[in-house]
Every structure is written in C-alpha cells, then in structure tokens.
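*Asks:* got a predicted structure plus its sequence, pasted below:
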Amino acid sequence: MNIDFRKIIKRSWEIIKKNKILWILGMLLGGASVGSGGGGSGYDFDSSDVDKIKNSDFVDGDQLTSAIDSFLTSLSEVIAKIPPYIWILIIVTLISVIILGIIVKIYLNNWAEGAVIGLVNGAEKGEEISFRKGAIYGIRFAKRLVLISIVPGLIYFLILIAFGLLIVFSLLFPVPVLNIILAIIFGFILIFFMLIGSLFLSLLKIISIRIVVVEDKDYLEAYKEAFTFVKKAFLEIIIQGVINYSFGCGFGCLYLIFLIVIIGIIILGFFIHVGLGLPLALLGLLILIVSGVFVGAFNSFKSANWTLLYKQVREKQKEGNNAK
Amino acid sequence: MQSSIKQSQYQNAGFIVRFLAFLVDHLILWLPFLLISLFITLGSSSTSDLLVKLGILTLYYLIIQEILWLFYQTLTTSYWGGSLGKEAFNLTILNEKGEKLSLRDSLFRYVIGYTVSGLVFGLGFLWIIKDDQMRAWHDLLIGSKVVVKEKDYILGVLSLLGLVLVSSIFIFILVFKIVSFMN
C-alpha cells in the first residue's frame, strides 16, 4: 500500500494549528491538566530541624521538648478515643471517592478521544469545528470507546494471570527437573504473549476506536474489523507508530530541556536574591501552564496522525477493491 | 418554571454576576461545615481534643466537597434551572432549545464541562468575558447559556452579604475559642 506519510503529518499539523479547541481537548487525552494537582511543599521537617529550633536563641530546648511531648501524648490519647465507626466512615468515603474519580477519569479520557477523532474527521471533510460538535461526538461514542479500552485489556490481563498460575503450578509439579523446564517454557510463552499481546492490543485499540467514530460502528464489530485492518496494514501502522514515537521523543526531549532551563533559572534567581526568585517562580509557573497546552496540542497531533492514516488506508483499500 | 422559554427575550449573564452566584453557592455548601465545626468547638474539653476533631471534620469535608458540589449543582440545575446562588441572582441556565437542562446534560456540564473549563487554570471560566454570548467553555460544550430572568440582583447581593456575615461570625467564634483554649 502506497501511503503518503508526509501528507498525513502536514495535514494533521494544519488541522491542529487551525483549531485551538483540539489543544484543550488534547490535554484530556494525556491527562496533562495544569489546573490542579501538585501538593507538598517539597520540604521535610525532620529531627535536625527540631534540634535547630531547640538550639536557637529564642527558645528553651528542654521546654520545647516537654511541650511537644505532652502535646503528642494528649493527641494520641484523643485519637485513641475516636470511635472506630468514624475511621470506617472516612475510609469508606475515601474509597468511594477514589472509585468515582477513576470512573470519571475513564469516561473523560474516552469522551475526549471520541471528540478529538470526530473533530479531526470533520475538519478533514472541511467542516467547521466547535466545542459543541466535539461534545456531541464525545457523548455519542464514549460508551463504546470505554468498552474498547476496558474489555480487551481485562481479557488480556486474565490470560496473563492464567499463564502466571500455570508457571506456579508447574513449579509445584512433583518431577524435579521437568517442573523447572515447564516453568521456563511457560515463562517464555508468558513473555512472548506479553510483548506481542500488548503491541497488538494497543494497535487494535488505536484502529477500533477510529472505526467506531469514523464509521459509527458497534464496539465488537469495530474490534473485529480492526483485527483485519491491522493484519492488512500492519507495516503502515508500525511506520506511523515509529513516526509518532519519534515526534514524541523529539517533543519530550525539547520539553525536558525547557523544564530544566526554567527550573535552573528559578533556582539561580533564588540564589541571587529571594526577591528575584519569587517572581521568577511565578513566571515559571505561568510558562508551565502554557506548556501544558502545547502538550495537549501534541497529543491531538498524534491522534490526528492516526485518524488520517486510518482514513488514507481505508481509501486505498476501497480503491483496490474497486480496481478488482 | 416554563418548560420552554425563548432565549432571545433574556439578556446573557455576565462574568461578575455569575461569579457572585458561584460565591453564594460555595458559602451555602460551606455553612453546614462551619456550623458543625462550631458545635465541635463549643463541646470540646481541650486543645488536642478540639484540633483532632476539627482535623477529622476538615479531612472529611475535603474528601466529600467535590461530590457535594456535584450533587448540589446537578440536581438544582436540572430541577430548578439553576443553583440557589443563581436563583438568588435571578439567573437561569437554558439549553439550545430554551429549556432547562436535563439531569444528564446537567451532570455533563458539571463533571466534564467544569473539568474542561478548569484545565488551563480556569481559562474556560474566564471565557465568559471574551465570548460574545458570554458563554464559558462548559456552556459551549453542552450548548447551554446562563441568562438573566429579571435584572434584580438585590436578593442575591443580600444573600451574599448575609452568608459572608454569618460565616465571619462563625469563624470569629471558632478562632476565639481555639485561642482561648491555647491560652
């Protein structure tokens, strides 16, 4: 199949450059949110700090130690008095919130995936794209995309567990040398299956989600079609993967250098004067926010590359069928 | 409320009034937490007892506040056309057809829409200032619009002032009690 990869990259770049909405939605693809997260002051309060305070001029060391001791003792007494149901309530709530968060995250990722693929497909056809259109695509396909991202992965995981159990059982086999040989054989099969399986799973996912969005197909049907598609256009998909990976490495290296430079300037600023370091840190934070948007744009660019590859391969396949 | 309203008869709500309504909503959700904190403070026997109880309450509040916010906004928007804060400022949320949002749309607006709006340090919320129809990113996503039912913000402003006053009194009593314990 004669695929014009240059054309794919050029067109993806044009679409991404023109439609800034894809930059924002792309942030949800890679979870590159810059609006929240972080935490921790990056400073650990340890025993040496207590010593420093104790040895300082304005605090009597022994007095401070006894005050801390008495406070900690009464604190532990009070904590011990808290009824267990309060702890259970907190833990149950925390677990529920975490589970809910995971569900929302999975939905959000797949919704954004559907929105970006749908919008890129629309833009390729010359349609005007908007947040609303993206949302409609996302909502329409999210359920199917969630199934594609969960079900095959789950089956793969169960097969891996089964192989793992086979290795354990073969080690328990009563024949001394044979059990090790069996374990090694199953180990090799497991490693082979892990490598090939994970590669195929990711390729099948990439293609099947595009079949769902572009062709509006059911998830199972899309997965079956993706299997045939991957078999027929394996080389093209691998080349596109290598191109995306190379772009990723290039972008990642640039991003890393950029981060190192920013952090270096901030540290240097603090070394010169705190008054200089603080504004520089704020400026660095602002630049990081902007760079998060670029990460989003890059994620969308990669997704657009896959979508356009899928479309081009499909076109070539149709042309081939018509020629026959 | 009417099931279908022509949007053109209403003016779009601007950033400031929407932000004030947002503050009212936050204070409404914060008030029960403050009230419980106050009861705990008044019933505590020592500083450590008080700090531990307040710590647990704060932890619990931090865990559930997002969920509370989500339930509160989703339910009030789908049933009344807007949260209590928006109601106080005579604002309502309408969809493209001029109807109030369904439960599903409302849930989408607050879970997905607010996430998208908050992605770049809240740029999506500030979009209200830039957009010609004063829509945030979450409005653009779901096709909703926040409109002014009646340009009478007195109830809203009074609610905000009242809530700020009550919260301030609660906080003052809390701080006073904690300081007196420490002394």
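*Replies:* Received it, and whenever you're ready, just let me know what you need. Everything quoted here is computed from the prediction, not taken from an experiment. Numbering: from 1, shown residues only, chains lettered A, B, ... in the order given.
*Asks:* could I get the full set of helices for the chain?
*Replies:* Defaulting to chain A. Using DSSP state H, the helices of chain A run over residues A:5-18, A:21-29, A:47-55, A:61-81, A:84-124, A:131-171, A:176-215, A:219-232, A:234-272, A:274-323.
*Asks:* I was thinking of chain B, sorry if that wasn't clear
*Replies:* According to DSSP H, the helices that chain B contains are B:15-43, B:47-80, B:84-88, B:103-108, B:114-118, B:123-130, B:137-142, B:154-182.
*Asks:* so which of those helices comes closest to A:Val151?
*Replies:* With CB to CB as the criterion, A:Val151 lies closest to helix B:103-108 of the helices of chain B, at 23.7 Å. For the C-beta atoms, the positions are set from N, CA and C on the backbone; glycine is no exception.
*Asks:* send me the closest one as PDB with only the CA atoms.
*Replies:* Output in PDB follows, covering the C-alpha atoms of helix B:103-108 (Å, rounded to 0.1, in the frame of the first residue of the first chain):
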ATOM      1  CA  LEU B 103     -30.300  15.700  34.500                       C
ATOM      2  CA  ARG B 104     -27.900  14.100  32.000                       C
ATOM      3  CA  ASP B 105     -26.900  17.400  30.500                       C
ATOM      4  CA  SER B 106     -26.600  19.000  33.900                       C
ATOM      5  CA  LEU B 107     -24.300  16.100  35.000                       C
ATOM      6  CA  PHE B 108     -22.200  16.500  31.900                       C
END
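*Asks:* quick one: contacts of that helix?
*Replies:* Contact partners of helix B:103-108, identified using CB atoms under 8 Å, 6 or more residues apart in numbering or on different chains, comprise A:135, A:139, B:70, B:73-75, B:77-78, B:95, B:141-142, B:144.
*Asks:* so which of those residues is the most crowded?
*Replies:* When neighbours are counted by other CB atoms under 10 Å in any protein chain shown, B:Leu141 leads those with 31 neighbours.
*Asks:* so who does it touch?
*Replies:* Contacts of B:Leu141 (CB under 8 Å, 6+ apart): A:131-132, A:134-135, B:108-109, B:112-113, B:116.
*Asks:* circling back: including distance to B:Ile28 and mean pLDDT, could the helices of chain A go into a markdown table?
*Replies:* Listed next are those as a markdown table, based on distance: least, CB to CB, whole Å; pLDDT from 0 to 100:
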| stretch | distance to B:Ile28 | mean pLDDT |
| --- | --- | --- |
| helix A:5-18 | 42 | 93 |
| helix A:21-29 | 30 | 90 |
| helix A:47-55 | 41 | 46 |
| helix A:61-81 | 31 | 72 |
| helix A:84-124 | 21 | 90 |
| helix A:131-171 | 28 | 89 |
| helix A:176-215 | 41 | 88 |
| helix A:219-232 | 42 | 91 |
| helix A:234-272 | 40 | 89 |
| helix A:274-323 | 30 | 86 |
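*Asks:* most packed of those?
*Replies:* Most buried of those by mean neighbour count (mean count of other CB atoms under 10 Å in any protein chain shown) is helix A:21-29; its value is a mean of 25.
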